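In: The following block contains a protein sequence and its predicted model.
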Amino acid sequence: MPSLVHKRPAQHLTDNSESEELLSSLGSPPPSRNPKRARTIREEIASDDEVSEEDLGGEESDVLVKPDMDGSLLSEADSDQEEEEVMDHRGGEVERNSQPFQPGSIVRIKAENFVTYTAVEFFPGPNLNMVIGPNGTGKSTIVCAICLGLGSSPANLGRAKEISEFVKHGCETATIEIELQGKENERNPIIKRKIGRENNTSTFTLNGSSSTSGKITKLVKSYNIQIDNLCQFLPQDRVVEFAGLTAVDLLTHTQRAAAPPEILGHHENLKKLGKRQKELLNELEIDRNQLTSMEARQAALQQDVERLRERQEIIKRIELLDKARPFVKYREARGLAKDAKDASKVAERELRELEQQVEPMTEAPKAKRRYQKALERCVAAKKRELEAKEEAVTEFKDDVMGKADEKITEITNKMDAARSAEQSRKQQIAREKEKIAKLRKQLEEGPPEVDLAYYNGKISDSNHEVRDMKERIDDIDSEIKPMVERANQINGQISRTNKDLQDLNSVIGVRERMLERMSRDTHRVWQWLKTHQGDFEQEILGPPVLTCNVTDPKYADVVESQLGKNDKLALIAQNKNDYRKLLDVCFGSGPESLKLRDVTIRENSNVPIPPLPMASEEARGLGFDGFTIDFIDGPAPVISMLCQECRIHTTPISFKEFTAAQNKNMESTRISRWITGRNMYTLRRRYNQVMTNVTSIRNAQAFAAQQVDTQAEQEIRRSIGEMESDLEDVKKKIDELKDSRDTFVAKYKAAQTANQKIKAEKATRQQEATKYVKNKATLASAEDDLRRKMGGGEEYKESMKRWRSQKEELVMERAVDAQKFANLVKSLVAIHNELILCQIRLVEAGSDAEILQRRIEDGLRDLQAKKTESTSLAQHATECAARARALQGACRKIIQGLSPEESEFMNQIPPEKNAEDIENDIEAENARLDLLHEGNPNAIKQYEDRATRIRNLEDKITEREKNLEKHSAAIAELRSKWEPVIDRLVAKISTAFSKSFEKINCAGEVRVHKEEDEYDKWAIQILVKFRANESLQILNNQRQSGGERAVSTVFYLMALQSLARSPFRVVDEINQGMDPRNERLVHHRMVSIACQEYTSQYFLITPKLLPDLSYHKRMKVHCIFSGDWLQEDTRLDPDKYLRIGARMRAMAH
C-alpha cells in the first residue's frame, strides 16, 4: 500500500486514523500492528467510502514459497501460481498485508539532520517496500540511514569516505534511529547512532542505553544482517561494483546471503585446507627433490668413501706389516745362524781333503818346458825357408805372366772396336739407299705449277664479299640494340606499374599513398630507407601510420584520436648514432642529404614499454574494455614511443558510454584521461579542484579501413595496356630484323668458309713447289755419302786377320809360363805345411805346461781360499747366532703390546715369507696407497652425516605424506558437507533465475564453476541469452549491454530473495539503464517474488516508474515529496488521490 513521506524542516508527521476507518468501510480487516512498537505516523493508506466493493475486485493468493523443514532454505512451488497474487492498477481489492515481520526486519527508521533530511520517520512493510520520488528528494538517503544506523562503515555505500560528511549542511550533529523486529519473546531492539561533524565521531545507544560499535555489530550479525554483502545491500553507488564482482566474489556473497552460516565457514576452511594441501605438496616435492639430490650426491661420494676406506685398510695393513718385520727378521736370522753353523763344519772338512791332494803335483811342469824350447827352434828355421820361396813365386808372376796378359787384352780391345764400326757403317748404307730411292721417286713427277695471280685474285674477291656481309650484320645489330633497350625499358615500366597496382589494392599501399598525401618529405625519406637500411646499425622503424595496426576496427577512431600528426608520421631510430645519421640524411648540408623539411625523427634507445597504471581486471571492473595499448599492435620501440608521447598505456577505453556516476567515480582513481563511447574525458587537478574536459572523438583516417581508388586503378590499367601494345610493336620489329640478320649471318659464314678454302689451296701449292727444289739438293748429297761409305769394307777385313794372328802367338807363350808358375807354387805349399805342423806342436807343448802350472796354482789357491772360507764361516756363524738372540729379545718385547688382531696376523704369516718379502709387500701396499689419492679427508664423515640426514629426511617425507593424507581426508570430508549444499543452493537459484528469464522470453542459468582442489577459484557463473539466435553466454561487461546486465543482476537478486537468510534486502536504482519493456517485466517479476509469503523484507529504491505497473497486496509504496516550495505545515492526503483514482477507473469501465 502507498505510504507518503513528506520531508519538512523540523516537523514529524502524525498518525491519521481515517485511513483505518476507510479501509474498514471497504471490508478490509483492520491493520495488524506489532504490539512491540508504537506507530507515530500514518502507515497505511486505504480508499474512500465512496469506493464500493464492485469497483475493487480481489483475488485469493496461493503460497509460492514455504519454509523448508530446517527453516534454512526456501523452495519454490509452481511458478504459474505466483502471478495470481499480482494485481495491476486497474482493479482489485486493496487488502491489508497481514504477514508479520521476520526477526531482524526493519520496523521503523527515524533520522534528524541527516544528509537532506531535517527530520523524518517512516515505517516499512514486512515484504516489498517501493521507495519512489524525484531525483534529489532523499531516496538514497534512506539507504544511507539503514547502512550507518546499523553500525556499518561509509565504505559500504561507495559515497563519502568520512561519516561526518553525512551530517546535514549547517548542523553539527545528525541522529539515526532504527527499530528492528525482535526475535520471538524478545523486545524490538532500537539502535540509535549520533554523528558529530567536528571530530568525525559517532556514538551508539541500544534500547536507550549507551553501547559500542562492536556490540551493535554483534547484534546486527546475530540477525544475519550483512550490510557489506552486495547480494543483500546494494546501494546506488555500488551497483557498478556489484556488476563488476568477480565470479569468485559472487560465490562468497551468495553463500553469505543464502546459505547456512556454517557453509561459508566450510568454504573458508576448504580454502585454508586446500592452500595448506598445496603447501604440503610443495614441501613434499621440495623434500623429495632434496632427497633425490642428497641420494645422488651420496652415490657420487660413495666411490670416494669406498676408496678412503680401502686406503685406511691399506694403511692398517702397512702398519701390521711394519710390526711384522722384527718377527720375520728373527725367523730369518735364526735360520741363517743354523745354516752358517752347518756351512762352517763342511768347510773345515773340505780343507783337510784339499791339503792331501796338492802335494804330488809340483814335478810334471818342468819336463814340458824343455820340449817346448826345442820346438821353438824348428819353427824359426821353417819360417826363413818359406819367405825365400814366396819371393821367387811373386817375381815370376809379375815379370813374365803380367806382360803377356796386357798384350792379349790390348789386341782384343782393337778387334771389338773394329766390329762395332763395321756394323754402324752397314746400317748407314741401308738408310742412305732407302732415302735416295724415296727422293728419286718424288723427283720423277716433275716440279708442280703454281698460278699465284689466279689465287690472289680469288682471295681478294672472297675478302671483299666477307667484309660486305659483316657490315650488313653490324648495321642490323645497330638497329636491333636500341629496340631491345626500348623493350627492356617498357618491361621495367610494366613491372613497376603492376607493383603500383598491387600496392593500390593493399593496406600498405593505401597507407603509403596516405603517407605521401600527409607528408611528401616523410614519404620520400621512407622510400629512400627501403634501399638503405644496411647503412644503419639497427633498423630504422617506419612511422606508426605504416607499422602499427588497430587490432579491432571498431576502436580505430578512439586510437587514432589520441595520436597527433607528428606522432603518426614519426620515424624511430633505435640508437643515438642512427638518430644523428638520419638527421644528416634528411636535413644535412652534405652531398648525400635529401634536403627535406617536413620530417619527424625520434630516438628510442631500448626504452621499455611502461607498465599499466592498474591491472586489466581492475579496469574492466570500472567498466572499461581495456587500455589503448591493448588495441594497437606494432614493433615494441614504436609502441614505447607512443606510450611516452601519447600515454596510450594510461588511457582506458570503453566502447559504450558511461553514466554520470561512472564518470564521477573516475575522479577517485589514478586515471587522468579516459574514453567512453565517442567522448574523451581529461581530468585536471588544480588548487584542490577537479576540472573535467570533454572532447569528441574524430573519425580515423590512417587506421580506418581503406577503399581502393578505382579511378587510379583504371588509369594504371590503361597505362599498362598502352605499354604492352608498344612492347608488341617493338618485339615485332626486332623479330623481323633478327630474321634478316640470320640470313646475312648464314651468307657471312659461307663466304668465310670459301675464303679459307682458297687460302689453304694456295698455301698447299706453294709448299709443294718449295719441297721439290729442296729434294733435288738432298738427293745429290745422299749419293756422295753412299759412295764414300761403300769403300770401307776391305780395310776392316785385313785388320781383323792381322790381329787374330798376333793374339794366337801370345796365348801359346802364356801357356808355357803358366806351367812353370804352377811348379813354383807346389813347392811353396809343401814348405808352408811343414811350418804349420811345427807351430801346432809348439802350441800344444806350451798349453800342456801352462795347464800343469795352473793346476798347481789352482790347488794352492783353492787351499788358501778354503782356509779363508772356513775361518769366515766360523765367524759368520757366531755373528748370526748373536743377531738371532738380539732379534729374539726385541720380538718378545713387541709381543707384549700386540692386540689380539695383530697377534692373529703375526701367527698367520707363512713360514716361507722372509724380510724381503715383507718389504716387497709394504712397497706394494704403498704403491696401492699412492694410486688411491687421499681426496677429501672428511668424505667419510660427510658420507655418514649425510646418510643420517637422508634417514631423517625419509622419516620427514613419510610424516609429510601422512599429514597430506590427513589433509586430503579432511578436505574430502569437508567437501562432502559443503559441495552438495552449494550445488543444491545454486540449482535453486538457477531454477528461479531461469524462470524469471522465461517470463521475459529469454533464457538464463546459474552454474558453479569448479576448479579441482583449488577452492579459492570456485565461482558462480551467470549465463544469459537475450536473443533467440544465440546460445547461453557468460554475463560480463564486454558481451552484454548495460540494460541486459541490469536485468540479469535484478533477476539474480530476486532468485536469492526466496532463499535469502537475511531479514531484509536493499536495492537502489537497479532499474537504471533498462528499456521500458525490460523494466516492466522485471518489475512484475520482482513484485511476484518479493511479495511471496514468508519471504524477507525488500527495499526497492527508484526515481522513476512506468505507468500501469503491477501491484500486490503485500507491497508497500513510499512516496517522498520534498523541496523548497513545500510549506512547513503541508499535509498530503493520500486518501484523496485514491478516491480520485477509483472514480477514474469506474468511469473508464
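Out: Received the coordinates, thanks.
In: For the stretch 251-400 of the chain, which residues score under the pLDDT cut-off?
Out: Of all residues in the stretch 251-400 of the chain, those with pLDDT under 70 make up the ranges 357-366, 368.
In: for it, what spans make up the helices?
Out: For the stretch 251-400 of the chain, applying DSSP state H, counting those that start in this stretch gives helices covering 261-358, 364-396.
In: Pipe these into JSON lines and attach mean neighbour count and distance to residue 1009 per row.
Out: All C-beta atoms are positioned from the backbone trio N, CA, C, and that covers glycine. Shown next, in JSON lines, are the helices of the stretch 251-400 of the chain (neighbours: other CB atoms under 10 Å; distance: least, CB to CB, whole Å):
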{"stretch": "helix 261-358", "mean neighbour count": "15", "distance to residue 1009": "14"}
{"stretch": "helix 364-396", "mean neighbour count": "13", "distance to residue 1009": "134"}
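In: Ok, which of these comes nearest residue 226?
Out: Closest approach to residue 226 among the helices of the stretch 251-400 of the chain is made by helix 261-358 (10.4 Å; CB to CB).
In: by contact count, what packs against the closest one?
Out: Counting contacts by 3 or more CB pairs under 8 Å, 6 or more residues apart in numbering; DSSP states H and E, helix 261-358 packs against helix 247-258, helix 793-896, helix 900-907, helix 915-931, helix 939-999.
In: winner for burial among those helices?
Out: Highest mean neighbour count among the helices and strands packed on helix 261-358 (mean count of other CB atoms under 10 Å): helix 247-258, with a mean of 21.
In: what is the orientation angle of that one with helix 939-999?
Out: 70 degrees (axes from the mean of the first three to the mean of the last three CA atoms, to 10 degrees).
In: one step back: okay if I get the helices of the stretch 251-400 of the chain as CSV plus distance to residue 195?
Out: Formatted as CSV, the helices of the stretch 251-400 of the chain follow (distance: least, CB to CB, whole Å):
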stretch, distance to residue 195
helix 261-358, 31
helix 364-396, 158
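In: now for those, which one comes closest to residue 1121?
Out: The nearest among the helices of the stretch 251-400 of the chain, by CB to CB, is helix 261-358 at 41.3 Å.
In: relative to helix 939-999, how tilted is the closest one?
Out: 160 degrees.
In: Assign a three-state SS to residue 649, would you?
Out: Here residue 649 is recorded as coil under DSSP: H, G, I helix; E, B strand; the rest coil.
In: For the remainder of this discussion, apply numbering that starts at 4.
Out: Happy to do that; since the first residue is 4 now, the last one works out to residue 652.
In: Next, find the distance separating it from residue 645.
Out: 9 Å (CB to CB, to the nearest Å).
In: more neighbours, the two?
Out: A count of neighbours by other CB atoms under 10 Å puts residue 645 above the other of residue 652 and residue 645, at 26 against 19.
In: Need the residues touching each of residue 652 and residue 645.
Out: Overlap of the contact sets of residue 652 and residue 645 (by CB atoms under 8 Å, 6 or more residues apart in numbering) consists of residue 632.
In: sorry, back to before: which one of the helices and strands packed on helix 264-361 lies closest to residue 1029?
Out: When the helices and strands packed on helix 264-361 are compared by CB to CB, helix 942-1002 sits nearest residue 1029, at 8.7 Å.
In: Counting by contacts, list what the closest one packs against.
Out: strand 77-79, helix 250-261, helix 264-361, strand 1006-1012, strand 1022-1028, helix 1045-1060, helix 1079-1093.
In: for the record, mean pLDDT for stretch 843-850?
Out: The average pLDDT within stretch 843-850 is 79.
In: What are the contacting residues of that stretch?
Out: 371, 374, 375, 378, 379, 381, 382.
In: closest to residue 163 out of the helices and strands packed on helix 942-1002?
Out: Using CB to CB, the nearest of the helices and strands packed on helix 942-1002 to residue 163 is helix 250-261, at 23.3 Å.
In: export that closest one as PDB, just CAs?
Out: Output of helix 250-261 as PDB, limited to C-alpha atoms (Å, rounded to 0.1, in the frame of the first residue of the first chain):
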ATOM      1  CA  ALA A 250      32.600 -14.800 -10.200                       C
ATOM      2  CA  VAL A 251      34.600 -15.900  -7.200                       C
ATOM      3  CA  ASP A 252      33.400 -13.000  -5.100                       C
ATOM      4  CA  LEU A 253      29.900 -13.500  -6.200                       C
ATOM      5  CA  LEU A 254      30.000 -17.100  -4.800                       C
ATOM      6  CA  THR A 255      31.200 -15.700  -1.400                       C
ATOM      7  CA  HIS A 256      28.400 -13.100  -1.300                       C
ATOM      8  CA  THR A 257      25.800 -15.600  -2.400                       C
ATOM      9  CA  GLN A 258      26.900 -18.000   0.400                       C
ATOM     10  CA  ARG A 259      26.700 -15.200   3.000                       C
ATOM     11  CA  ALA A 260      23.300 -14.200   1.700                       C
ATOM     12  CA  ALA A 261      21.500 -17.600   1.200                       C
END
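In: gap between it and the chain center?
Out: Put simply, helix 250-261 sits 39 Å off its chain's centre (CA atoms, centre = their mean, to the nearest Å).
In: now swap in stretch 1118-1126 and tell me
Out: On CA atoms, centre = their mean, the centre of stretch 1118-1126 falls 65 Å from the chain's centre.
In: okay, that stretch in PDB with CA atoms only?
Out: Extracted C-alpha coordinates of stretch 1118-1126, given in PDB (Å, rounded to 0.1, in the frame of the first residue of the first chain):
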ATOM      1  CA  MET A1118       3.900  -4.500  -1.200                       C
ATOM      2  CA  LYS A1119       4.100  -1.000   0.300                       C
ATOM      3  CA  VAL A1120       4.800   2.100  -1.800                       C
ATOM      4  CA  HIS A1121       6.600   5.000  -0.100                       C
ATOM      5  CA  CYS A1122       6.300   8.300  -2.000                       C
ATOM      6  CA  ILE A1123       8.800  11.000  -0.900                       C
ATOM      7  CA  PHE A1124       7.800  14.600  -1.600                       C
ATOM      8  CA  SER A1125      10.200  17.300  -0.500                       C
ATOM      9  CA  GLY A1126      11.600  20.600  -1.800                       C
END
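In: before we move on, back to that, list just the one of the helices and strands packed on helix 264-361 that sits closest to residue 289.
Out: Checking those against residue 289 by CB to CB gives helix 942-1002 as the closest, at 9.9 Å.
In: The closest one to strand 1006-1012, inter-axis angle?
Out: 160 degrees.
In: how far out from the middle of the chain is helix 942-1002?
Out: For helix 942-1002, the distance to the chain centre is 32 Å (CA atoms, centre = their mean).
In: quick one: the strands in the stretch 654-803 of the chain?
Out: 655-657, 676-679, 682-689, 692-699 (DSSP state E, counting those that start in this stretch).
In: Strictly from the record, what residue spans define the domains of the chain?
Out: The record's domain parsing of the chain by the TED database lists 101-247+1066-1138, 516-710.
In: average pLDDT for the shortest one?
Out: Averaging pLDDT along domain 516-710 gives 86.
In: Next up, phi/psi of residue 659, please.
Out: phi -110, psi 150 (degrees, to the nearest 10).
In: Run a quick neighbour tally on residue 491.
Out: Neighbour tally, residue 491, other CB under 10 Å: 12.
In: before we move on, back to that, nearest to residue 820 among the strands of the stretch 654-803 of the chain would be which one?
Out: strand 655-657 (142.2 Å).
In: who's in contact with the closest one?
Out: Contacts of strand 655-657 (CB under 8 Å, 6+ apart): 558, 561, 622, 625-631, 634, 674, 677-680.
In: distance of the nearest residue to residue 104 once chain neighbours are set aside from residue 1116?
Out: Using CB to CB, 6 or more residues apart in numbering and skipping residues adjacent in sequence, the residue nearest residue 104 is residue 184, 3.9 Å away. Distance of residue 184 to residue 1116, computed by CB to CB: 20 Å.
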